[in-house]
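Asks: Here is a sequence together with a model predicted from it:
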2 protein chains.
Amino acid sequence: MRDQWAEKLLAGDRLALARAITWVENEDERGLSLLQEVFPHTGKAWVIGLTGAPGAGKSTLLLRLAEAFSKEDLKVGVVAVDPSSPFTGGALLGDRVRWQRRIAGDIFFRSLASRGRLGGLSRAAYDAIRLMDAAGRQVILVETVGVGQAEVDIMHAAHTVVVVLAPGLGDDIQANKAGIAEIGDIFVVHKADREGASDTARDMRMALGLSPEARGRREGYTPPEEGGPAWFPPVFLVSSLSGKERGLETLMTGLYQHRRYLEARGLFGERVTEEDRRRMEEVLSEEALRWVMERAKEDGTLEEVLEALKRKDVDPRTAARRILGGIGEEKRVP
Amino acid sequence: MRDQWAEKLLAGDRLALARAITWVENEDERGLSLLQEVFPHTGKAWVIGLTGAPGAGKSTLLLRLAEAFSKEDLKVGVVAVDPSSPFTGGALLGDRVRWQRRIAGDIFFRSLASRGRLGGLSRAAYDAIRLMDAAGRQVILVETVGVGQAEVDIMHAAHTVVVVLAPGLGDDIQANKAGIAEIGDIFVVHKADREGASDTARDMRMALGLSPEARGRREGYTPPEEGGPAWFPPVFLVSSLSGKERGLETLMTGLYQHRRYLEARGLFGERVTEEDRRRMEEVLSEEALRWVMERAKEDGTLEEVLEALKRKDVDPRTAARRILGGIGEEKRVP
């Protein structure tokens, strides 16, 4: 007999979904077993990631996209991911609650803040996406702030990654162009009403042209010589400034084109499986570490090695191998 | 008989140091065994981390600090860490080579770019720091760009963390104040010549005042009730603009005060050991994962579980536990 929360979640109940996400965010067992129960119903949603430098107006663009998709009678989910700090959650969450009031259509909105654990954010985002998927959200927009490792990890969960730029951002961010060229499927120069927007677009197009191998490293990308069709990330100029709106329709068209590209290449489902596998390995490495450490504690290896490390008789790498060595030997003795 | 490279490195040979760092950056076995050999000679250097939002002028400040320390006849090492992207290295490295020409004094400069692996950057940074330490660098300045998880990890390697702010940074960064309050020992409002600098300083002091618990989470911080003395992160106004320099001496004084604080509390060596242990666990979890996966491949569990995952019969967490379950049982069968 199926759990009542699972029933409600699969029926698309918003309260059940909200509660389930809170549970997984807090790594509450109820959330984990609920996710386990509804997991067979995942894999249908189109996950679109928005990332880019602070100040590019990602949140406003996300709001516009959410509305555009809901206008097409699609059930939309939004996962807004706050920076790694456990302290920023409140502030940004506040903003988002305010926008939510302004959103029209069937949109389920959720903001996530890291619990400060390494990987905590990408884990919570993954769980929230799968839960929204199971709850029948057809398009899930995931926004991350910044372009650090955590953000890159979260973008792995997306079918389509939109990198949002804006004219006049700092040098460090400009220097990162070649880097973001790698993670983006679609590039948006936002705040296109501002001076320098077309220069930013030209620079980005150049960066994309100059590093084809960057696109080559993008998971799922197949260069023409391997029987493409290749996907060449477009760069769109978009303005969300009320009165000066432009480019949103073109962006929507680009998004649907990328989805069709993924489906034609059989990558749509593949990316979901890839991400599930990545998630499994993440859990595995944590559990494996815990297991190995317990073993090392039991037979006293850990204490001994830590002492040697403190005396600097061994370096960390050797220390780690010494701990695993013991287990390795035991393994060979059945 | 000691390896010739180890001899040269311990003698402070710059070429040997440069080559050793390239080796560890590429995870070349020669570098790893070299690090292993010279490890007993590490633990003396004072590691100072500089982090903060893009555009705060960290690099310029780092240059000034490097010069100030070398003027005090200290051997200085600089590790400049580029963002997670494997593609940005080149660009930023270029800038840094240009600065290096302008640096006076005995300063060894090295820029690191991630190899794209998760944790690749913090690993390379850790290795570079230990190698510089073994090579007799007395003060090692580590700069990271951005305030993501990778940067936070790298800052764990530092005795003293300097967070660099500047007036007029974006909202997303402002929202992060409470977050960065946690990682900083010393705060610098850079570009103090600019308008709004004192406001930024006041806001930061307020953020620090409002979240004492944030400081409480800072490793090594002991609240007064537990027999302090507590360290209360100061906020300094600094300008590196030539002609308008100010505040650098005060910052230097603050840095030395923090070092004395660490020594008085016995935290100087402790932080080194903590970081060595963290590094050991990092290697352990990778090796443990590899080991567990091999076991799972051998007995066919992996393939079976991956199939179930693809069919969505199991969720990733359950899949991971199923893989570990097999090994767990075997473990109980001696």
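Replies: That came through fine. Computed from a predicted model, the values in this text were never measured in an experiment.

Asks: So in chain A, which helix runs the longest?
Replies: Secondary structure of chain A per DSSP state H: the longest helix is helix A:267-298.

Asks: Pull the number of nearby residues for the nearest residue to A:Glu195 once chain neighbours are set aside.
Replies: Closest residue to A:Glu195 apart from its sequence neighbours, by C-beta to C-beta, 6 or more residues apart in numbering or on different chains: A:Pro167 at 6.6 Å. Where you see a C-beta, it was placed from the backbone N, CA and C, and this is true even at glycine. Look at A:Pro167: counted by other C-beta atoms under 10 Å in any protein chain shown, it has 20 neighbours.

Asks: Show me which residues of the longest helix of chain A are buried.
Replies: A:267-268, A:271-272, A:275-289, A:291-293, A:295-296 (16 or more other C-beta atoms under 10 Å in any protein chain shown).

Asks: is chain B contacted by that helix?
Replies: Yes. With C-beta under 8 Å from any C-beta of the partner chain as the criterion, chain B is reached by helix A:267-298 at A:273, A:276-277, A:279-289, A:291-293, A:295.

Asks: any idea how far that helix is from the chain center?
Replies: Relative to its parent chain, helix A:267-298 has a centroid offset of 17 Å by C-alpha atoms, centre = their mean, to the nearest Å.

Asks: immediately after it, which helix or strand?
Replies: For helix A:267-298, the succeeding helix or strand toward the C-terminus, using DSSP states H and E, is helix A:301-310.

Asks: could you dump that following helix to PDB, C-alpha only?
Replies: Extracted in PDB, the C-alpha atoms of helix A:301-310 (Å, rounded to 0.1, in the frame of the first residue of the first chain):
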ATOM      1  CA  THR A 301      44.900   1.800  12.000                       C
ATOM      2  CA  LEU A 302      43.300   5.300  11.900                       C
ATOM      3  CA  GLU A 303      44.700   6.400  15.300                       C
ATOM      4  CA  GLU A 304      48.100   5.200  14.400                       C
ATOM      5  CA  VAL A 305      48.100   6.800  10.900                       C
ATOM      6  CA  LEU A 306      46.800  10.100  12.300                       C
ATOM      7  CA  GLU A 307      49.600  10.200  14.800                       C
ATOM      8  CA  ALA A 308      52.100   9.600  12.000                       C
ATOM      9  CA  LEU A 309      50.500  12.400  10.000                       C
ATOM     10  CA  LYS A 310      50.700  14.700  13.000                       C
END
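
Asks: can you tell if that helix touches chain B?
Replies: Yes. If you take C-beta under 8 Å from any C-beta as the test, helix A:301-310 does meet chain B, through A:Val305, A:Leu306, A:Leu309, A:Lys310.

Asks: Who are the contact partners of the third one?
Replies: With contacts defined as C-beta atoms under 8 Å, 6 or more residues apart in numbering or on different chains, the neighbours of A:Leu309 are A:Asp315, A:Pro316, A:Ala319, B:Thr273, B:Asp276, B:Arg277, B:Met280.

Asks: switch the cut-off to 7 Å
Replies: The contact partners of A:Leu309, taken as C-beta atoms under 7 Å, 6 or more residues apart in numbering or on different chains, are A:Pro316, A:Ala319, B:Asp276, B:Arg277, B:Met280.

Asks: Distance-wise, check the last one relative to A:Val305.
Replies: B:Met280 sits 8 Å away from A:Val305 when distances are taken as C-beta to C-beta, to the nearest Å.

Asks: intersection of neighbour lists for these two?
Replies: Common neighbours of B:Met280 and A:Val305 (C-beta under 7 Å, 6+ apart) are A:Ala319.

Asks: got any ranges where the stretch 201-334 of chain A has weak pLDDT?
Replies: Low-confidence segments of the stretch 201-334 of chain A (pLDDT under 70): A:210-229, A:326-334.

Asks: ok, 90 please
Replies: A:201-233, A:240-245, A:264-266, A:271, A:278, A:281-295, A:299, A:317, A:321, A:323-334 (pLDDT under 90).

Asks: go on, the stretch 51-200 of chain A?
Replies: Within the stretch 51-200 of chain A, the stretches with pLDDT under 90 are A:51-60, A:63, A:80-106, A:109-124, A:143-157, A:163-184, A:194-196, A:198-200.

Asks: for it, what spans make up the strands?
Replies: Remark: strands assigned in the stretch 51-200 of chain A by DSSP state E, counting those that start in this stretch are A:76-81, A:107-112, A:139-144, A:160-165, A:186-189.

Asks: for the ones you listed, which one sits closest to A:Glu29?
Replies: strand A:107-112 (18.9 Å; C-beta to C-beta).

Asks: send the alpha carbons of the closest one over as PDB?
Replies: Extracted C-alpha coordinates of strand A:107-112, given in PDB (Å, rounded to 0.1, in the frame of the first residue of the first chain):
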ATOM      1  CA  ILE A 107       4.200  27.600 -11.400                       C
ATOM      2  CA  PHE A 108       5.600  25.800  -8.400                       C
ATOM      3  CA  PHE A 109       8.400  27.800  -6.900                       C
ATOM      4  CA  ARG A 110      11.100  26.700  -4.500                       C
ATOM      5  CA  SER A 111      14.300  28.300  -3.200                       C
ATOM      6  CA  LEU A 112      17.000  26.100  -1.800                       C
END
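
Asks: Next, the contact list for the closest residue to A:Ser70 other than its chain neighbours, please.
Replies: In space, and not counting its chain neighbours, A:Ser70 is closest to A:Gly105: 2.8 Å by C-beta to C-beta, 6+ apart. The contact partners of A:Gly105, by C-beta under 7 Å, 6+ apart, come to A:Glu67, A:Ser70, A:Lys71, A:Val76.

Asks: go on, A:Ile186?
Replies: Counted by C-beta under 7 Å, 6+ apart, A:Ile186 has contacts A:Thr160, A:Val162, A:Pro233, A:Pro234, A:Gly254, A:Leu255, A:His258.

Asks: which one of the residues you listed has the most neighbours?
Replies: In terms of neighbour count, A:Val162 stands highest of the contacts of A:Ile186 at 30 neighbours, by other C-beta under 10 Å.

Asks: which residues touch that one?
Replies: Per C-beta under 7 Å, 6+ apart, neighbours of A:Val162: A:Ile48, A:Gly49, A:Leu50, A:Gly184, A:Ile186, A:Val188.

Asks: Which one (most neighbours) among those residues?
Replies: A:Val188 leads the contacts of A:Val162 on contacts (other C-beta under 10 Å) with 32 neighbours.

Asks: How about A:Asp153: what's its closest non-neighbour residue?
Replies: Here the residue nearest A:Asp153, using C-beta to C-beta, 6+ apart, is A:Ser122, at 4.1 Å.

Asks: Spit out the contact partners of the residue lying closest to A:Ala45 once chain neighbours are set aside.
Replies: Leaving aside its chain neighbours, A:Ala45 sits nearest to A:Asp133 (4.0 Å; criterion: C-beta to C-beta, 6+ apart). Residues near A:Asp133 by C-beta under 7 Å, 6+ apart: A:Thr42, A:Gly43, A:Lys44, A:Ala45, A:Ile140.

Asks: From the residues you listed, which land in strands?
Replies: Using DSSP state E, the members of these that fall in strands are A:Ile140.

Asks: Of the contacts of A:Asp133, which pair is most distant in space?
Replies: A:Gly43 and A:Ile140 (12.0 Å).
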